[in-house]
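[1] sequence below, structure please.
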Amino acid sequence: MSTRLRRPSVWRQLLVTAALVAFQGYLGYSAIGGNFGVESQKLMKADIVDLNTQSAALKAEIDAYRHKVDLFDPKKLDPDILTERARALLSMAQIGDMVVMTDPVSGKPTTSLLASSTGNEAMPQIEAGID
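    Numbering: from 1, shown residues only. Predicted structure coming up:
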């Protein structure tokens, strides 16, 4: 039996080389512009800073709510705060209280078209726009 040696094909070598070069190109692209590449890390760091600021704002809001809840603890309940909140929610006032109507949008005092209830200037006038 005779043995015949085949020469390796040039096209096969070129195909393997081209496939390896393409794979290296893919790895290079992934290292620079992929999901975890150099460019994406810059975006992730910016997102981390934004999320940290949002987290700090939410922690401050949570602390504010915890403080409000602590004010209703029977051991720490302040009667002045309780009556102030009750009057504000019920829109009630006692004799001798000065009631200042405010605009809910701006928070500034509003002016009235009605005549002043203090004709003798015993109570000071509150003008809109003065802080």
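
[2] quick one: buried residues of the lengthiest helix in the chain?
    In the chain, ranked by residue count with DSSP state H as the criterion, the top helix is helix 38-71. Of all the residues in helix 38-71, not one is buried under the rule 16 or more other C-beta atoms under 10 Å. Heads up, the C-betas are built off the backbone N, CA and C, glycines and all.

[3] distance between that helix and the chain's centre?
    7 Å (C-alpha atoms, centre = their mean, to the nearest Å).

[4] the helix or strand that comes right after it vs helix 38-71, what angle?
    Following helix 38-71 in sequence order, the next helix or strand is helix 79-90 (DSSP states H and E). Orientation note: helix 79-90 sits at an angle of 100 degrees relative to helix 38-71 (axes from the mean of the first three to the mean of the last three C-alpha atoms, to 10 degrees).

[5] elements contacting helix 79-90?
    Using 3 or more C-beta pairs under 8 Å, 6 or more residues apart in numbering; DSSP states H and E as the contact test, no helix or strand touches helix 79-90.

[6] tell me the contacts of Arg6?
    Listed by C-beta atoms under 8 Å, 6 or more residues apart in numbering, Arg6 has no contact partners.

[7] against Glu39, how distant is it?
    Distance, Arg6 to Glu39, by C-beta to C-beta, to the nearest Å: 48 Å.

[8] with that, I have no additional questions.
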